[in-house]
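**Q** structure of the sequence below:
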Amino acid sequence: MRLLDPRWDEAREGYEVLVEGDVIKEVVTGTITSASAEVIECAGRTLMPGLIDCHAHLFLSEVSLRALEAVPLTLLTARAVVLARAMLERGFTTVRDTGGADWGFKQAVDEGLVAGPRLFISGQTISTTGGHGDARRRTDGDATTNSGNALRYVSRIADGADAVRTAAREQMRQGADQVKLMCSGGVASPYDPLESIQFTAEEIRAATDEATSFGRYVAAHAYTPEAIRRAVTCGVRTIEHGNLIDEPTTALLAERKALLVANLVTYVAMHERGAALGLGPEMLAKNDRVLEAGMRSLELCQRAGVPVAYGSDLLGALQSEQSREFVIRAQVLTPIEVIRQATLVGAQVVREEGRLGIVEVGARADLLLVDGDPLADLRCLLDQARTCARS
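**A** Just a heads-up that it's a prediction; the model follows:
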């Protein structure tokens, strides 16, 4: 069998792997002898670790987020079930949900009630008034939590250090694996410019202090160098997006051992189909701006030694494009570099190094059997990956 462990520079022939329950028990060259094991024939295929998407949104089933106001919670959950299964069938055995999915859905996957990837959830993202996560129209009044529709899962608003501290504590009380702050303007929000810096240093430190005390960490939505620098200086561990990053800021990330979670496919897909799916001209203009800068962010981070994880960040009907990120990144990176981002770096982001993203004794048995060799052609990951085992 051909085996691809991302720590290697190439796939290697002649391996066999024994899985017991949800753990890898043996990895050998040659033959494994077992009287009871089920044998899976792998001729002509490549065995590799399950893929990790570090920026996805299972509960955001509309491209235009305001449309979630018309979606009841029951329908939202039914859609998430379909989206979760589709992600697993694409080979993504671990997904870091960066806003939306709650502890109940995560537990449903863990209990086997829903077929889906292992989830690391953020719960609601935390936004300032008027920030990227403030979904209100200008004609709406004060922020309230509406319990009757799906928009409640998108975000919550907090202004001031004490309010941010409370919001972070509440997300962790609700089972969040990481707390997400909206630290700059965004694409899918009509009123905030990309250059806006959202949250003061004091507010960010309130969240990072609480997350550290709870054994969690903070992820920050941030596009511009100014927003990224403020977030990382205040203790944020992962930067989401980061398209407009510059060279001095990548050096800061490297110094602070922060990670970047890039997601280019969402901008490509929104450029192609966003208008037809409800995105307004202001959002589309911002989308084109960050799309143009995205490739350069990968190159800058690579030169600075900043680990970059695989993300998709697709919404609604665009989520079928999840695997297309591989071929987009391959325009500036080699196949093994892209695969490492979707395995080894992903495991680092979710703090599962040595357990995910590798094929080794003692690691989780999240394995894919892929037709062909991804190092020869990454397109074989677009629709040919199938899950062999998931722990």
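
**Q** next, give phi and psi for the nearest residue to residue 189 once chain neighbours are set aside.
**A** Leaving aside its sequence neighbours, residue 189 sits nearest to residue 132 (C-beta to C-beta, 6 or more residues apart in numbering; 4.8 Å). (Each C-beta comes from the backbone N, C-alpha and C, glycine too.) Per-residue torsions, residue 132: phi -60, psi -30 (degrees, to the nearest 10).

**Q** distance check, residue 132 against residue 330.
**A** Residue 132 sits 29 Å away from residue 330, going by C-beta to C-beta, to the nearest Å.

**Q** check residue 87 too.
**A** In this structure, residue 87 lies at 21 Å from residue 330, with C-beta to C-beta as the measure.

**Q** could you look up the SS state of residue 276?
**A** Recorded secondary structure, residue 276: helix (DSSP: H, G, I helix; E, B strand; the rest coil).

**Q** and what of residue 165?
**A** helix.

**Q** okay, now the closest residue to it other than its chain neighbours: neighbour count?
**A** Excluding its sequence neighbours, the residue lying closest to residue 165 (C-beta to C-beta, 6+ apart) is residue 206, at 4.2 Å. By the criterion of other C-beta atoms under 10 Å, residue 206 has 24 neighbours.

**Q** for residue 206, list the residues it contacts.
**A** Shown in contact with residue 206 (C-beta atoms under 8 Å, 6 or more residues apart in numbering): 161-162, 164-165, 168.

**Q** what are the phi and psi angles of the residue nearest to the spatial centre of the chain?
**A** Centroid check for the chain by C-alpha atoms, centre = their mean gives residue 55 as the closest residue, at 1.6 Å. When read as degrees, to the nearest 10, the backbone of residue 55 gives phi -150, psi 90.

**Q** ok, it - contacts?
**A** 96, 98, 240, 261, 263, 309, 311-313.

**Q** what about 7 Å?
**A** Listed by C-beta atoms under 7 Å, 6 or more residues apart in numbering, the contact partners of residue 55 are 96, 98, 240, 261, 263, 311-313.

**Q** just the helices in this structure please.
**A** 73-89, 103-110, 161-173, 201-213, 225-233, 247-256, 265-273, 281-304, 325-329, 335-341, 344-349, 380-383 (DSSP state H).

**Q** and residue 72, what does it touch?
**A** By C-beta under 7 Å, 6+ apart, residue 72 lies in contact with residue 149.

**Q** phi and psi next, for it.
**A** Phi and psi for residue 72, reported as degrees, to the nearest 10, are phi -70, psi 160.

**Q** gap between it and residue 28?
**A** 52 Å.

**Q** what residue, apart from its backbone neighbours, is nearest residue 100 spatially?
**A** Closest residue to residue 100 apart from its sequence neighbours, by C-beta to C-beta, 6+ apart: residue 59 at 3.1 Å.

**Q** now residue 321
**A** Per C-beta to C-beta, 6+ apart, closest to residue 321 is residue 269, 4.8 Å.

**Q** and for residue 376?
**A** Using C-beta to C-beta, 6+ apart and skipping the chain neighbours, the partner closest in space to residue 376 is residue 335 (7.7 Å).

**Q** and this structure, what are its domains?
**A** 2-47+374-389, 51-356 (automatic domain parsing).

**Q** just to revisit the earlier point, burial of the residue nearest to residue 321, as a residue count?
**A** There are 25 residues near residue 269, going by other C-beta under 10 Å.

**Q** so it sits against residue 312, correct?
**A** No. In this structure, residue 269 is not within contact of residue 312 by C-beta atoms under 7 Å, at 9.2 Å.

**Q** OK, contacts around residue 340?
**A** Residue 340 sits next to residue 6 when contact means C-beta under 7 Å, 6+ apart.

**Q** list the contacts for residue 332?
**A** Residues in contact with residue 332 (C-beta under 7 Å, 6+ apart) are 295, 298-299.

**Q** could you measure from it over to residue 300?
**A** Using C-beta to C-beta, residue 332 is found at 11 Å from residue 300.

**Q** swap in residue 36?
**A** Distance of residue 36 to residue 300, computed by C-beta to C-beta: 52 Å.

**Q** so which of these two has more stuff around it?
**A** Higher neighbour count among residue 36 and residue 300: residue 300, with 21 against 5, using other C-beta under 10 Å.

**Q** mind checking how far the residue nearest to that one when sequence neighbours are not counted is from residue 223?
**A** Of all residues not flanking residue 300 in the chain, residue 250 sits nearest, at 4.9 Å (C-beta to C-beta, 6+ apart). As judged by C-beta to C-beta, residue 250 and residue 223 stand 14 Å apart.

**Q** do the same with residue 43
**A** Distance, residue 43 to residue 223, by C-beta to C-beta: 46 Å.
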